[in-house]
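Visitor: Here is the input, now give the coordinates:
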Amino acid sequence: MIIAIDGPAGSGKSSTARRIARRLDGFYLDTGAMYRAVGVALKDSEYGPDAVEKMVNDLILDVELDAAGTRILVNGADVTEIIRSSEASKLASSVSKLQAVRSKLVSEQRRLGRKLSEAGRFVVVEGRDIGTVVFPDAEVKFFMDADPRVRAQRRHREMEEAGADSDLAQVLSEIEARDKEDREREHSPLRKADDAIAVDTTRLTPEEQVDIMVGVIAETIQRSEND
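Guide: Prediction:
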């Protein structure tokens, strides 16, 4: 089964997706990490914005999946930790608007998700267009959201815990700007799929989020078995 989770930055979808994958003994596919990796590669490469398609075609992007999550390799180098920076997030927002990048990564995401699902595993995929574009036929879809200030506080706390400098007001401003870009971009804008279940995480703990969503997944499985 493929479980699609969409939502804006800081809504809790990454940590929740990881927890759900662990609870179901499945795999977690972090599509946002793939966009951040391409963003970082584009910034540091010899290619300019007008040659994005050539850059994407030349780029060797590998994704290693295990129960712990997703590791991203660009041209053989593990960039999993590097792409967690605030700068990498901004770069991801920029490249995600480019059709050449989206086509490449959507194709890769579909390949990985279907391969694992066909092998009889639960695959938890999170991003911003999973239920609408990447896996519109996913068996279960969620759209996670939360108040922007709460999302900023979460991201601010994560950065401080990681030892990075963080200003709450700046984080909030960046989240609001990212929301606007994601919702208004031309290709695959952030939106809730018509058949997705909305989960407002503003007042939910991570464990409560997981309990709610795993409950929905269990009900879906039961209905499928009864049909």
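
Visitor: three-state assignment of Arg149?
Guide: helix (DSSP: H, G, I helix; E, B strand; the rest coil).

Visitor: Neighbours of it, how many?
Guide: Arg149 has 14 neighbouring residues, counting by other C-beta atoms under 10 Å. C-beta: built from backbone N, CA, C; applies to glycine.

Visitor: wait, what's in contact with it?
Guide: Listed by C-beta atoms under 8 Å, 6 or more residues apart in numbering, the contact partners of Arg149 are Leu172.

Visitor: tell me the mean pLDDT over stretch 65-74?
Guide: Computed over stretch 65-74, the mean pLDDT rounds to 74.

Visitor: What is the burial count for Ser16?
Guide: Small correction: residue 16 is Thr, not Ser. Burial of Thr16 is recorded as 28 neighbouring residues (other C-beta under 10 Å).

Visitor: doesn't Val214 make contact with it?
Guide: No - because the distance of 10.0 Å does not satisfy C-beta atoms under 8 Å, Thr16 is recorded as not touching Val214.

Visitor: List the strands paired with the worst-scoring helix or strand of the chain on mean pLDDT, with their directions.
Guide: Of all helical and strand segments in the chain, the minimum by mean pLDDT, DSSP states H and E falls on strand 61-66, at a mean of 76. The pairing partners recorded for strand 61-66 under DSSP bridges are strand 69-74 (antiparallel).

Visitor: Report the buried residues of the strand it pairs with.
Guide: Taking 16 or more other C-beta atoms under 10 Å as the basis for neighbour counts, the residues of strand 69-74 that come out buried are 69-72, 74.

Visitor: who does the helix or strand following that strand touch, helix- and strand-wise?
Guide: For strand 69-74, the following helix or strand on the C-terminal side (DSSP states H and E) is strand 77-78. For strand 77-78, not one helix or strand is in contact under the criterion 3 or more C-beta pairs under 8 Å, 6 or more residues apart in numbering; DSSP states H and E.

Visitor: same for the very next helix or strand once past strand 77-78, what does it pack against?
Guide: Tracing the chain C-terminally past strand 77-78 and defining elements by DSSP H and E, one meets helix 86-95 next. On a contact count with 3+ C-beta pairs under 8 Å, 6+ apart, helix 86-95 meets helix 31-44, helix 168-184.
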